[in-house]
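Novice: Requesting a structural model of the entry that follows:
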Amino acid sequence: MAIYRLLQNSGMRPEEISSITAAYEQALHTLCVKDRDDPLTEMIAKKIIKIAQTDVRDPAEISALAIKELEMR
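Specialist: Predicted structure coming up:
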């Protein structure tokens with residue numbers, strides 16, 4: 001899955017990775033993305049990571065912000 005590949009050598013702490021992966025899973029669920037090989041998953045993963053780097057820590061908030069930004073495109 002895209003998020004795990006992107007985070008593999010990120011150097012982030014385990015709690016950061018846990019928050020990011022939870023946000024990613026929530027976003028996929030909300031957007032009804034079931035095919036983990038869908039190119040959309042990588043776009044979602046990158047957006048989730050970008051938002052998490054702004055010090056937003058709550059997975060639900062990260063997910064909501066990512067979905068909002070993706071809808072604006």
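Novice: Identify all contacting residues around stretch 16-33.
Specialist: When contacts are defined by Cβ atoms under 8 Å, 6 or more residues apart in numbering, stretch 16-33 is touched by residues 3-4, 7, 10, 12, 36, 40-41, 44-45, 48-49, 51-52, 57-60, 62-63, 66-67, 70. C-beta here means a position set from N, CA and C on the backbone, and glycine is covered the same way.
Novice: try 10 Å this time
Specialist: Contact with stretch 16-33 is made by 1-4, 6-8, 10, 12-13, 34-36, 38, 40-41, 44-45, 47-49, 51-53, 56-67, 70-71, as judged by Cβ atoms under 10 Å, 6 or more residues apart in numbering.
Novice: Alpha carbons only: can I get the least confident helix or strand in the chain by mean pLDDT in CSV?
Specialist: Counting by mean pLDDT, DSSP states H and E, the chain has its least confident helix or strand at helix 2-7, which shows a mean of 87. This file holds the C-alpha atoms of helix 2-7, laid out as CSV (Å, rounded to 0.1, in the frame of the first residue of the first chain):
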residue,chain,number,x,y,z
ALA,A,2,1.1,3.5,-0.8
ILE,A,3,1.4,4.9,2.6
TYR,A,4,3.5,2.2,4.1
ARG,A,5,5.9,2.4,1.1
LEU,A,6,6.2,6.1,1.5
LEU,A,7,6.8,5.9,5.3
